[in-house]
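Asks: Pasting the sequence and the predicted model now:
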Amino acid sequence: MVNHAGGISIITFIIAVAVSMGYYQFVYIPQASAKPTLPEEVLNPPEVSEVSIAEGASLPTNGQFYVPKETRGVIGVSNKVVWTNTDVTGHTVTTDDGYVDKINGDFDSLKQGGIIPPGETFEFTFTEVGEYPYHCEPHPHMQGSVEIVENFA
Ligand SMILES: [Cu+2]
């Protein structure tokens, strides 16, 4: 009488390893690396919030820098902000705390194309609610913040 127990347990072990490797490769990794799926109105909101960079903003005595200084957007409605540089000098919109949006990357015009030249715009879509303080890299006295709030409508 031949004992098959050894052979059967080896085959069982091989099958178990193959199944767990398959799970890891075809189920776990694709789920873990998938980007979050967000509603279309969050990715491309119907309205924009506008901020203008004031003329003379490079001077600390100017009094006006980012206008308005505090901008509020509603997620899924107006969570996209457009800054227009109406000054004669280049400026940036740069996160104070290194914020990186999961979809749109660094909240920093420097990392999204560079300094905003006179007459040009910079836009950024925030895809989650939160407070986003920012400043101008060459002119640290220029400070502003964006707040994105929940849509309770
Ligand atoms: Cu500036």
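Replies: Received it, and whenever you're ready, just let me know what you need. Numbers count the residues shown, from 1 in each chain.

Asks: Residues contacting stretch 44-53, please?
Replies: Stretch 44-53 is touched from outside by 65-68, 71-73, 76-87, 91, 116, 123, 125, 142, 144, 146, with contacts defined as C-beta atoms under 8 Å, 6 or more residues apart in numbering. Just so you know, the C-beta spots here come from the backbone N, C-alpha and C atoms, and that holds for glycine as well.

Asks: So what sits opposite the spatially most central residue of the chain in the bridge?
Replies: The C-alpha lying nearest the average C-alpha coordinate of the chain belongs to Asp101 (C-alpha atoms, centre = their mean; 1.5 Å). Under DSSP bridges, the beta-bridge partners of Asp101 are Gly105.

Asks: Tell me how far it lies from Val129.
Replies: 12 Å (C-beta to C-beta, to the nearest Å).

Asks: for Ile29, same thing?
Replies: 29 Å.

Asks: And Val88, by the same measure?
Replies: 35 Å.

Asks: Those two - which one has more neighbours?
Replies: Val129 (14 against 11; other C-beta atoms under 10 Å).

Asks: Name all residues that make contact with that one.
Replies: So Val129 contacts Ile75, Ile148, Val149, Glu150 (C-beta under 8 Å, 6+ apart).

Asks: which of those residues are buried?
Replies: Ile75, Ile148 (16 or more other C-beta atoms under 10 Å).

Asks: What ranges does this structure have for its strands?
Replies: 48-53, 66-67, 70-74, 80-85, 94-95, 100-101, 105-106, 121-125, 130-135, 143-149 (DSSP state E).

Asks: Which strand residues bridge Val82?
Replies: Glu50, Glu123.

Asks: Around the ion, pick out the residues from this structure.
Replies: His91, Cys136, His139, Met142 (C-beta under 5 Å from the ion).

Asks: can I get those residues in TSV with pLDDT, neighbour count and distance to Ile15?
Replies: Shown next, in TSV, are those (pLDDT from 0 to 100; neighbours: other C-beta atoms under 10 Å; distance: C-beta to C-beta, whole Å):
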residue	pLDDT	neighbour count	distance to Ile15
His91	98	27	63
Cys136	98	24	62
His139	98	19	65
Met142	98	24	64
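
Asks: And the helices in the protein, which stretches?
Replies: Residue ranges of the helices in the chain, as given by DSSP state H, are 5-23, 29-33, 40-43.

Asks: most neighbours per residue, which of these?
Replies: helix 40-43 (a mean of 14; mean count of other C-beta atoms under 10 Å).
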